[in-house]
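Enquirer: Predicted coordinates and the sequence they were generated for:
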Amino acid sequence: MKFGLLPQIILAIILGVLIGSISPKWLIMSFATFNGIFGNFIGFVIPFIIIGFIAPGIGQLGKGAGKLLGLTAFLAYLSTIFAGFMAFAASYTLLPKFITGNQLIKDADNPEDFLVAPFFQIEMPPIMGVISALLFAFIIGIGLASIKGKTLQHAFDEFQLIVEKLIKTAIIPLLPFHIFGIFANMTYGGQVQSILSVFGKVFVLIIVLHLIMLLIQYTISGLATNKNPITLLKTMSPAYFTAIGTQSSAATIPVTLKQVKKTGIQGRIADFTVPLLATVHLSGSTITLISCSVGVMLLNGGTPTFGMFLPFILMLGVTMIAAPGVPGGAVMAALGLLETMLGFDPTMISLMIALYLAQDSLGTAANVTGDGALSILVDRFSSKKSQEIDLTQQSVQ
């Protein structure tokens, strides 16, 4: 019987709380040792994730159907950053009221940490810093988009497959154990009540924001095409529920494509936009990332500001292109930005991963459902005598 990632995460949290409440310190230190090694490994892999997905992603966006591709990518980016700003406004306004009194208690002897220390640590310094990796990826990606050669593009496409396989076979399967260790450690230190209280409140906020975002997207597309937004949403609902099960925009493409065509747009437009948007449009995931990051920052006693999150949201809209079509891909692609732009430490990143993965399927569902609204807008604003679109397969891995 297949045991999905979400049930694994939930089980890891439950077992972490139960075992952490009865375990001796030496056992908690054992869990902390694994978490330290795994956390350092994630830090080592971050530059590979950035290069492996941003460079070929930008390279592919530079090819294809010209104005149609530019329009689709622009709407995707606009939708993504709007979702980010909306999520920040709601989180900044509401979460401080919910989280007051639930901040984590720091150790007086070591105020930077509240977890039991590991037996030992293995340092895994990354081959380059996150900013260096971003600059390298942008330079290569823009270069790939501007030249006609295919050799380097194919090389980076294959490098992307290697990184994606690493995420699927090594990082994602070990994440439940990592989350288990974190919650066991927090329970041992008396912190788990605050964590779970914040998780529940952020979870409800994220669901509400997803629904509001979908209503905004379909209201705009409905007004642009003189169609009922609610009817359009009902048409796209099978894609929403399929995405909840698959937790992958890429895996949901066949259902999304079928439902988008039922909205009445041109078949060739849908064949082009749906696979592309599955890669570059992640408004639901962005809402989750922003809301979770504000929650984790408040939980750790930080003070989020608009000046801090403005560049983060703008950069996140670009980085989401790098998100692989696997469960948890968006948060993996964003780890470098969380570390460098928001100052997240390893413990905060671990909390961020746990909080994000607990509702990853809902974010994916919001992504693919929103793809339908953007496809309708692309069809509305593109020429009725649309050009031949023969590069659909190049837009998606």
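Expert: Received, thanks.
Enquirer: In terms of secondary structure, what does the strand or helix carrying V163 contact?
Expert: Per DSSP states H and E, V163 falls inside helix 151-166. Packing contacts for helix 151-166, counted by 3 or more Cβ pairs under 8 Å, 6 or more residues apart in numbering; DSSP states H and E, involve helix 25-61, helix 130-146. Where C-beta positions appear, they are placed from N, C-alpha and C, glycine not excepted.
Enquirer: quick one, the last one and helix 25-61 angle?
Expert: Think helix 130-146. On the basis of axes from the mean of the first three to the mean of the last three Cα atoms, to 10 degrees, helix 130-146 is oriented at 30 degrees to helix 25-61.
Enquirer: With just CA atoms, put helix 130-146 into PDB.
Expert: Taking Å, rounded to 0.1, in the frame of the first residue of the first chain, the C-alpha atoms of helix 130-146 are listed here in PDB:
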ATOM      1  CA  VAL A 130      23.600  31.100  -2.500                       C
ATOM      2  CA  ILE A 131      24.000  34.500  -4.100                       C
ATOM      3  CA  SER A 132      26.900  33.200  -6.200                       C
ATOM      4  CA  ALA A 133      24.700  30.200  -7.300                       C
ATOM      5  CA  LEU A 134      21.800  32.600  -8.200                       C
ATOM      6  CA  LEU A 135      24.100  34.800 -10.300                       C
ATOM      7  CA  PHE A 136      25.700  31.900 -12.000                       C
ATOM      8  CA  ALA A 137      22.200  30.400 -12.800                       C
ATOM      9  CA  PHE A 138      20.900  33.700 -14.200                       C
ATOM     10  CA  ILE A 139      24.000  34.200 -16.400                       C
ATOM     11  CA  ILE A 140      23.800  30.700 -17.800                       C
ATOM     12  CA  GLY A 141      20.100  30.800 -18.200                       C
ATOM     13  CA  ILE A 142      20.000  34.100 -20.000                       C
ATOM     14  CA  GLY A 143      22.900  32.900 -22.200                       C
ATOM     15  CA  LEU A 144      21.100  29.700 -23.000                       C
ATOM     16  CA  ALA A 145      18.000  31.700 -24.000                       C
ATOM     17  CA  SER A 146      20.000  34.000 -26.300                       C
END
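Enquirer: just the angle between it and helix 151-166, please?
Expert: Going by the same axes, to 10 degrees, helix 130-146 makes 130 degrees with helix 151-166.
Enquirer: Any idea how far helix 130-146 is from the middle of the chain?
Expert: Helix 130-146 has its C-alpha centroid displaced from the chain centroid by 20 Å (Cα atoms, centre = their mean, to the nearest Å).
Enquirer: same question, stretch 343-361
Expert: On the basis of Cα atoms, centre = their mean, stretch 343-361 sits 10 Å off its chain's mean C-alpha point.
Enquirer: going forward can the numbers begin at 15, since that is how I track them
Expert: With 15 as the first residue, the last one maps to stretch 357-375.
Enquirer: so what's the residue nearest to the spatial centre of the chain scoring on pLDDT?
Expert: Nearest residue to the geometric centre of the chain (Cα atoms, centre = their mean): A344, 2.4 Å. Listed pLDDT for A344 reads 78.
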